[in-house]
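Student: Build me a model:
(one chain, ligands or ions: 1)
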Amino acid sequence: MLELKTLRRRRVAAVGLAATFLLILGGALSGVRVMAASPTVVSLTFDDGRATQYVVRSILASYGMHATFYVNSPLLSSSNFYMTWQQLQGLYADGNEVGGHTAYHADLPQIDPTEAQRQICDDRVNLLNHGYQPSSFAYPYGDYSVAVESMVQNCGYNSARSTDSLGGAVAESMPPQNVYAVRAISGSSSLASMENAVTSAEQNGGGWLPVVFHDICNGCSSVSTTQADFSAFLTWLQQQSANGVTVQTVQQVIGGAVQPAVQGTGREPPMRTAAHTRSGFMSRATRTVITSCWCGRTSATARRR
Ligand SMILES: [Zn+2]
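Tutor: Numbers count the residues shown, from 1 in each chain. Model prediction:
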């Protein structure tokens with residue numbers, strides 16, 4: 001009898017322990033759910049395929065992080081201002097994303113709509129022909145319109161990043177309120193302001209923070225970030241992973257399949273409409289030059305001058 005009672009007590013104790021364990025487990029699981037509902041995701045995005053950006057390849061690799069590079073494909077390897085195709089391939093081989101930024105950095109709402117479509121679509125086709133899987137786009141000068149948003153979508157891109165500020169929000173929403181007008185923060189402001197933006201998102205419900213970088217150098221342009229600050233930002237971001245902060249490419253955040261190639265309409269190749277300059281930010285389209293080589297087309301159809 002005594003033995004039975006002991007057994008019963010042990011059973012009760014065992015049931016009690018199991019219940020306590022389930023409660024703890026349940027609490028832990030619900031904790032995980034709470035974190036997963038409001039993560040903070042940072043995307044490191046680089047515009048224009050500038051040569052100064054290549055220095056981040058080894059830095060990203062050392063942190064096991066991946067970035068998104070929006071390039072003007074026919075300008076790659078065209079001068080020492082731009083990365084070479086080989087450098088871009090190296091970045092891509094490491095797991096970084098390659099997205100489009102028009103053929104020649106066109107100010108899309110300011111030009112003929114047929115030409116605008118060629119600038120977006122044919123650049124994407126060129127990237128596909130080079131073996132890339134472009135699904136993300138960024139607007140040159142951050143300039144877009146409702147019509148341009150539709151062009152980007154129709155050319156097969158799954159998202160478009162603007163340079164619009166968050167407008168009072170702590171982060172872009174996930175999914176974004178407008179996937180063809182993704183808002184972002186500047187990567188050429190101070191290290192502290194980038195960290196503050198991430199902290200603010202972390203503490204206020206999370207969200208997505210695409211960061212826009214142009215040059216990585218010591219003051220080589222008005223839109224530059226020093227290599228030291230970039231490295232320090234990644235070190236800090238890695239520390240923030242304990243708080244649920246992750247670094248993802250734009251494609252990883254947006255998801256979706258890579259769309260088929262869509263060629264621009266009309267017989268003309270995209271035109272060179274603006275030039276990047278080392279000093280300062282790119283000037284808006286002030287001159288129009290027909291490119292000597294549109295590498296996405298055969299020489300038979302490319303107009304040469
Ligand atoms: Zn640009």
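Student: Nearest spatial neighbour of the residue in the stretch 51-200 of the chain that the ion sits nearest to, chain-adjacent residues omitted?
Tutor: For the stretch 51-200 of the chain, the residue closest to the ion is residue 140, as judged by C-beta to the ion, at 4.7 Å. C-beta: built from backbone N, CA, C; applies to glycine. Excluding the flanking residues, the one nearest residue 140 by C-beta to C-beta, 6 or more residues apart in numbering is residue 105, at 4.5 Å.
Student: which SS state does that neighbour fall under?
Tutor: coil (DSSP: H, G, I helix; E, B strand; the rest coil).
Student: Would you mind confirming that it makes contact with residue 72?
Tutor: Yes - proximity of residue 105 to residue 72 meets the contact threshold set by C-beta atoms under 8 Å, at 5.1 Å.
Student: what is in contact with those two at once?
Tutor: 48, 140 (C-beta atoms under 8 Å, 6 or more residues apart in numbering).
Student: Can you verify residue 262 is assigned to a strand?
Tutor: No - the assignment for residue 262, made by three-state DSSP, is coil rather than a strand.
Student: So it versus residue 117, what's the distance?
Tutor: 9 Å (C-beta to C-beta, to the nearest Å).
Student: Look at the two and report which has more neighbours.
Tutor: A count of neighbours by other C-beta atoms under 10 Å puts residue 117 above the other of residue 262 and residue 117, at 24 against 18.
Student: From residue 211, how far off is the more buried one?
Tutor: From residue 117 to residue 211 the distance is 29 Å (C-beta to C-beta).
Student: Equivalent analysis for residue 63, please.
Tutor: 14 Å.
Student: just to revisit the earlier point, now do the shared contacts for residue 262 and residue 117.
Tutor: Residues touching both residue 262 and residue 117 by C-beta under 8 Å, 6+ apart: 154-155.
Student: Spell out which parts of this structure neighbour the ion.
Tutor: 47-48, 140 (C-beta under 5 Å from the ion).
Student: in the helix or strand harbouring residue 88, what's buried?
Tutor: Using DSSP states H and E, the element containing residue 88 is helix 85-93. If you call a residue buried by 16 or more other C-beta atoms under 10 Å, then helix 85-93 has these buried ones: 87-92.
Student: tell me which residues of the following helix or strand past that helix are tucked away?
Tutor: Note on helix 85-93: by DSSP H and E, the next helix or strand toward the C-terminus is strand 97-100. Within strand 97-100, the residues scored as buried using 16+ other C-beta under 10 Å are 97-100.
Student: got CSV for the residues you listed, with pLDDT and distance to residue 149 too?
Tutor: As requested, these are arranged in CSV below (pLDDT from 0 to 100; distance: C-beta to C-beta, whole Å):
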residue, pLDDT, distance to residue 149
97, 98, 20
98, 98, 21
99, 98, 16
100, 98, 14
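Student: So between residue 63 and residue 211, which is more surrounded?
Tutor: Using other C-beta under 10 Å, the more surrounded residue of residue 63 and residue 211 is residue 211, with 23 against 13.
Student: which SSE is the more buried one in?
Tutor: Going by DSSP H and E, residue 211 is in strand 207-213.
Student: next one: residue 125
Tutor: Going by DSSP H and E, residue 125 is part of helix 113-129.
Student: Among the residues of the chain next to the ion, which one has the most neighbours?
Tutor: Neighbour max across the residues of the chain next to the ion (other C-beta under 10 Å) = residue 47, 28 neighbours.
Student: Next, the closest residue to that residue other than its chain neighbours: secondary structure please.
Tutor: Excluding the flanking residues, the one nearest residue 47 by C-beta to C-beta, 6+ apart is residue 70, at 5.2 Å. What three-state DSSP gives for residue 70 is strand.
Student: Contacts only, for residue 70.
Tutor: Here residue 70 is in contact with 45-49, 99-101, 136-138, 161 (C-beta under 8 Å, 6+ apart).
Student: Which of those residues fall within strands?
Tutor: Members of the contacts of residue 70 lying in strands (criterion: DSSP state E): 45-47, 99-100, 136-138, 161.
Student: which of these lies closest to residue 229?
Tutor: residue 46 (14.5 Å; C-beta to C-beta).
Student: pretty sure the closest one contacts residue 213?
Tutor: Yes - using C-beta under 8 Å, residue 46 is in contact with residue 213, at 4.9 Å.
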